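Asks: model this:
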Amino acid sequence: MNLKNIFFLIPAIGMFFSCGSKENNKVAINNNSEAIAVKVAKAGQSANGAMISVSGQLASEHSAAVSTRMMGYITKMNVKIGDNVRAGQLLFSVQSADIQAKSGQVSANIAAADAALANAKKDYERFKILHQQNSATDKELENMALQYKAAESQAQAAKQMRNEVNANMAYANVTAPFSGTITQKLMDAGNLASPGMPVVMLESTGALQAVATVTEEQIKYIRNGIAVLLTTDAGSKTVTGTISQVSRSSVGTGGQYLVKINLASEKDLLSGMYVHINIPVNDNSNSNISQNVWIPEESLVKQGDLTGIYTIGDKNTAILRWLRIGKSSGAQVEVLSGLAVGEAYISSATSRLWNGATVKF
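Replies: Alright, predicted model coming up:
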C-alpha cells in the first residue's frame, strides 16, 4: 500500500469511531433520561404487632411406645409400619416357654393344696363330732381348726400364683392399648425384648398437635386460647391453631416450657413434620420479643443463592440490597437483616430494574 492510500484511510477511520462514540453516548443518555415507573412500599411488622417465633413439631394427640414387661425373644410380629390396629389387637408375642412350665408347676401346687384342704376339712369335721361326744379335748379341736385354716390359706396362695402366671402370659402377648397406626417398628421376630424397651410405636389416628418449647422470657406472654399461625417446612403450608396446653414448669426440659397447639385443619399434614409457629404478643415493650419485618415475597430479587430487594437511593436511583430471609407466612416473608421497619423499598416496576437505574414514583 502506497503512502497516498494511507493518508486517505486515516480520516475515514476517525469518522467511523466518531460516529460509533456518538451513537453509544446517545443510548446512554436515553437510558439515564428514561426513568422506570415503580411502586414504593414500606417494610412493616406483622399485623398483630410483636411476635414470638419458635419452632415445633407435629405429633399425634395420643402416642405410646409399646414394650413388654418380661424378657424374652420375640416369637411373632403381627404388624408392620403403617398398619392400622384396633384396641386389644395382638401386636407381637414373646417367648413364654418358662412361663408355661411355671404354669404347670402352679397347677400341680393347686391340686396338692386342694387335696390338703379337703383332708384338713374332714379331720376338722371329725374332731368336731368327737368333741361333742367328749372324745376329744378342746385343745385337740383347736389344733384341727388351725390346720384347717392353714390349708385354706395355702390353697388361696396357690390360686394367687396362678393369677400371677396368667398375668405374665398376658405380658407375653402384647396388645394395642388404643386404636391407632403403627409408626415405627423397632424390633422384629428373633430379637430379644426387655422390660421397658420399646418394640413398636403407636399413634392414635385423628387429632394432631403442634408441640414446641419456649424460654422463661417468652412463657409469661403465652396462655391458653391464643390463636397462632403455623407454617410447615415442607411445602410452606400455612394453618391456624389455638394454644391448648401450657406447662408452668421447666423441670426436666432444660429450662424450656412445653406448649401444645391444636390445629384448625390437618389436611396434608403428617405427624413428625416441623413447623414454624408465630405467637402474637400484645406487649411490645420487651426487647426479647421479635419485632418482625415482613415484605411481600413477589418483591424479592433472587440471583442464585442470594436474595435481595431494590431500595431508593440518591437522585431516585434503584439500589439493590441483599437480605437475610427467614420464614414464610402465606405471601409474606420475614426479613431477618438488611431492611428496617418503615424503610422504603420498590415493590414492583413497569420494566426490568438494574442497580443504578433511574426510577420515578
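
Asks: can you pull the pLDDT of the most centrally placed residue in the chain?
Replies: Of all residues in the chain, the one closest to the mean position by Cα atoms, centre = their mean is residue 57, 2.4 Å from it. As predicted, residue 57 sits at a pLDDT of 90.

Asks: ok, now which ones touch it?
Replies: 210-212, 272-275 (Cβ atoms under 8 Å, 6 or more residues apart in numbering). Bear in mind the C-beta positions are built from the backbone N, C-alpha and C, glycine included.

Asks: Need the max-distance pair from these.
Replies: For the contacts of residue 57, the farthest-apart pair by Cβ to Cβ is 212 and 272; their separation is 14.1 Å.

Asks: more crowded one of those two?
Replies: Counted by other Cβ atoms under 10 Å, residue 212 and residue 272 do not tie: residue 212 has more neighbours, with 23 against 12.

Asks: Next, the more buried one: secondary structure please.
Replies: Counting by DSSP: H, G, I helix; E, B strand; the rest coil, the backbone at residue 212 sits in strand.

Asks: I'd like to know how many residues surround residue 269.
Replies: Counted by other Cβ under 10 Å, the residues lying close to residue 269 total 19.

Asks: And residue 261, by the same measure?
Replies: Using other Cβ under 10 Å, the number of residues around residue 261 comes to 27.

Asks: Can you give me every residue that contacts it?
Replies: Shown in contact with residue 261 (Cβ under 8 Å, 6+ apart): 56, 209-212, 228, 230, 241-244, 277.

Asks: where's it, which helix or strand?
Replies: Using DSSP states H and E, residue 261 sits within strand 257-263.

Asks: In that strand, which of the residues would be classed as buried?
Replies: By 16 or more other Cβ atoms under 10 Å, the buried positions in strand 257-263 come out as 257-261, 263.

Asks: What of stretch 348-360?
Replies: Across stretch 348-360, burial judged by 16+ other Cβ under 10 Å covers 349, 353, 357, 359.

Asks: repeat for stretch 163-173
Replies: By neighbour count with 16+ other Cβ under 10 Å, stretch 163-173 contains the buried residues 165, 168, 171-173.

Asks: Out of those, name the ones that lie in strands.
Replies: Among the buried residues of stretch 163-173, the members found in strands (DSSP state E) are residue 173.

Asks: Distance-wise, check residue 164 relative to residue 115.
Replies: 22 Å (Cβ to Cβ, to the nearest Å).

Asks: same deal with residue 146?
Replies: According to Cβ to Cβ, residue 146 and residue 115 sit 19 Å apart.

Asks: tell me the contacts of the nearest residue to residue 262 once chain neighbours are set aside?
Replies: For residue 262, ignoring the flanking residues on the chain, the nearest one in space by Cβ to Cβ, 6 or more residues apart in numbering is residue 244 at 4.6 Å. By Cβ under 8 Å, 6+ apart, residue 244 lies in contact with 209, 224, 260-262.

Asks: May I see the buried residues of the helix or strand hosting residue 244?
Replies: Using DSSP H and E, the element containing residue 244 is strand 238-246. Neighbour counts over strand 238-246 (16+ other Cβ under 10 Å) mark 238-239, 241, 243-244, 246 as buried.

Asks: surely residue 73 meets residue 97?
Replies: No. Residue 73 is beyond contact range of residue 97, at 9.9 Å (criterion: Cβ atoms under 8 Å).

Asks: Who has more neighbours out of the two?
Replies: For the pair residue 73 and residue 97, the greater number of neighbours falls to residue 73 (14 against 11), based on other Cβ under 10 Å.

Asks: hmm, back to that, now the contacts of residue 57: which count as buried?
Replies: Buried, going by 16+ other Cβ under 10 Å: 210-212, 273, 275, out of the contacts of residue 57.

Asks: I'd like these written out as JSON lines, with pLDDT and distance to residue 102 added.
Replies: Shown next, in JSON lines, are those (pLDDT from 0 to 100; distance: Cβ to Cβ, whole Å):
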{"residue": "210", "pLDDT": "92", "distance to residue 102": "48"}
{"residue": "211", "pLDDT": "93", "distance to residue 102": "43"}
{"residue": "212", "pLDDT": "92", "distance to residue 102": "48"}
{"residue": "273", "pLDDT": "88", "distance to residue 102": "47"}
{"residue": "275", "pLDDT": "86", "distance to residue 102": "51"}
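
Asks: From those residues, pick the one nearest residue 63.
Replies: Nearest to residue 63 among the buried ones among the contacts of residue 57, counting by Cβ to Cβ, is residue 211 at 10.6 Å.
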